[in-house]
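> Here's my sequence, what's the structure:
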Amino acid sequence: MAKAPRSLAGKVVAITGGARGIGRATAAALIAQGAPVAIGDIESDLAAQTASELGSGTLGLSLDVTDRQSFEVFLQEVERELGPLDVLINNAGIMPIGPFVDETDATMQRMIEINMIGVIYGSKLALERFLPRNRGHLVNVSSVAGKGGFPGGATYCATKHAVVGLSEAIRAEVRKSGIDVSIVMPVGVNTELYSGLPPARGIPIAEPEDVANAIVEALQTGRVDVFIPRKLQFVLGLAHAVPRSVADFIAKVLKADQALVNPDHLARGAYETRTGTARALAAEQAAAADQSERETHKV
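Reported below is the predicted structural model:
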């Protein structure tokens, strides 16, 4: 007999990267369940605007997940305004894509700081609050890229693998302490982050609301591995169970090996500009040109 879903009414939830996309959709879904919600985002004005639009006393706060002190201040404000933290959803992330050897060091560093170090900071700060209370739920948003390698997204895949490994290890440490850990692994989602990219064959692009609903269900049931759509778990399990040559054939049939290879950079222009990856590329190209010119003058 299945257990009754846990009530989320009154559960204090903090969401990183909550001003748009998956974060915003998840906030709306949790508000509908009666949870007090705070969203944190590097774009503080947009966080405040989104919170106002969501209503229900939602907090919109400034948050730089790459800065431990900023993260600590964010959670302190959440608890001051809403009460003890019950749930942290580490959702903030970026996905610059392109050939690995062409990726700038600045872009690589930015991805690691946001996608990996930000999740580590958030997980530590949440557990510091959860452990003394013997309760709490940590939700770390990874990706299908955390279970496989996709050409065009090598460093992104590395950061998402890190989130999966981190979450698995944390769960092993705290599972007897009354604390839940969920790992969210969606396929490409219809947000700005995935703009200009095609869906895999037979697996349509998900909507932010699909991910939000899966997170709500995980919080209600304690589900650990949260695949969106659920059939991804079967596909990935099959790919890991068969010989490498067969797995490569499956990836080719599903066009998973092409998902990040030929992006429409025009369609992704606004996203790349907003996340700073276009600026990072321009800066490194300018620096390289300047260095080349200096070397030429030396000769």
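> contacting residues for residue 101?
For residue 101, no residue meets the contact criterion (C-beta atoms under 8 Å, 6 or more residues apart in numbering). The C-beta positions use only the backbone N, C-alpha and C, and glycine is treated the same way.
> How much space separates it from residue 238?
31 Å (C-beta to C-beta, to the nearest Å).
> go on, residue 268?
31 Å.
> Between these two, tell me which one has more neighbours.
The residue with more neighbours, out of residue 268 and residue 238, is residue 268; 22 against 12, by other C-beta atoms under 10 Å.
> Read off the pLDDT value for the more buried one.
For residue 268, the model assigns a pLDDT of 84.
> Might one say that it is in contact with residue 193?
No. Between residue 268 and residue 193 there is no contact under C-beta atoms under 8 Å: 9.1 Å.
> ok, which stretches of the stretch 101-250 of the chain are strands?
Using DSSP state E, counting those that start in this stretch, the strands of the stretch 101-250 of the chain run over 136-141, 179-186, 225-228.
> now the ones you listed in a markdown table, with mean pLDDT and distance to residue 273?
A markdown table is the format used below for the strands of the stretch 101-250 of the chain (pLDDT from 0 to 100; distance: least, C-beta to C-beta, whole Å):
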| stretch | mean pLDDT | distance to residue 273 |
| --- | --- | --- |
| strand 136-141 | 98 | 23 |
| strand 179-186 | 97 | 24 |
| strand 225-228 | 96 | 28 |
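> can you redo those strands as CSV with distance to residue 32 and mean neighbour count?
Output for the strands of the stretch 101-250 of the chain, formatted as CSV (distance: least, C-beta to C-beta, whole Å; neighbours: other C-beta atoms under 10 Å):
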stretch, distance to residue 32, mean neighbour count
strand 136-141, 17, 25
strand 179-186, 18, 24
strand 225-228, 18, 21
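> Redo those as JSON lines? Include distance to residue 202.
What follows is the strands of the stretch 101-250 of the chain, written out as JSON lines (distance: least, C-beta to C-beta, whole Å):
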{"stretch": "strand 136-141", "distance to residue 202": "23"}
{"stretch": "strand 179-186", "distance to residue 202": "16"}
{"stretch": "strand 225-228", "distance to residue 202": "15"}
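> mind checking which of those is nearest residue 67?
Nearest to residue 67, of all these, is strand 136-141, at 18.6 Å by C-beta to C-beta.
> Run through the chain and note the low-pLDDT ranges.
1-2, 276-299 (pLDDT under 70).
> how close does residue 51 get to residue 275?
21 Å.
> Could you give the separation of stretch 52-68 from the chain centroid?
Distance, stretch centre to chain centre, for stretch 52-68: 16 Å (C-alpha atoms, centre = their mean, to the nearest Å).
> Name the residues that touch that stretch?
16-19, 24, 27-28, 31, 36-42, 44, 46-51, 70-71, 74, 77-78, 81-82, 90, 92, 113-114, 117-119, 121-122, 125.
> Could I get the buried residue list for stretch 99-110?
103, 104, 106, 107, 108, 110 (16 or more other C-beta atoms under 10 Å).
> export it as CSV, just CAs?
Taking C-alpha atoms only, stretch 99-110 is exported to CSV below (Å, rounded to 0.1, in the frame of the first residue of the first chain):
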residue,chain,number,x,y,z
PRO,A,99,33.6,22.5,-28.8
PHE,A,100,35.6,21.7,-25.7
VAL,A,101,38.9,23.0,-27.0
ASP,A,102,37.3,26.3,-28.0
GLU,A,103,35.8,26.9,-24.6
THR,A,104,37.5,29.8,-22.8
ASP,A,105,39.0,29.4,-19.4
ALA,A,106,36.7,32.1,-18.1
THR,A,107,33.6,30.2,-19.3
MET,A,108,34.9,27.0,-17.8
GLN,A,109,35.6,28.7,-14.4
ARG,A,110,32.2,30.4,-14.4
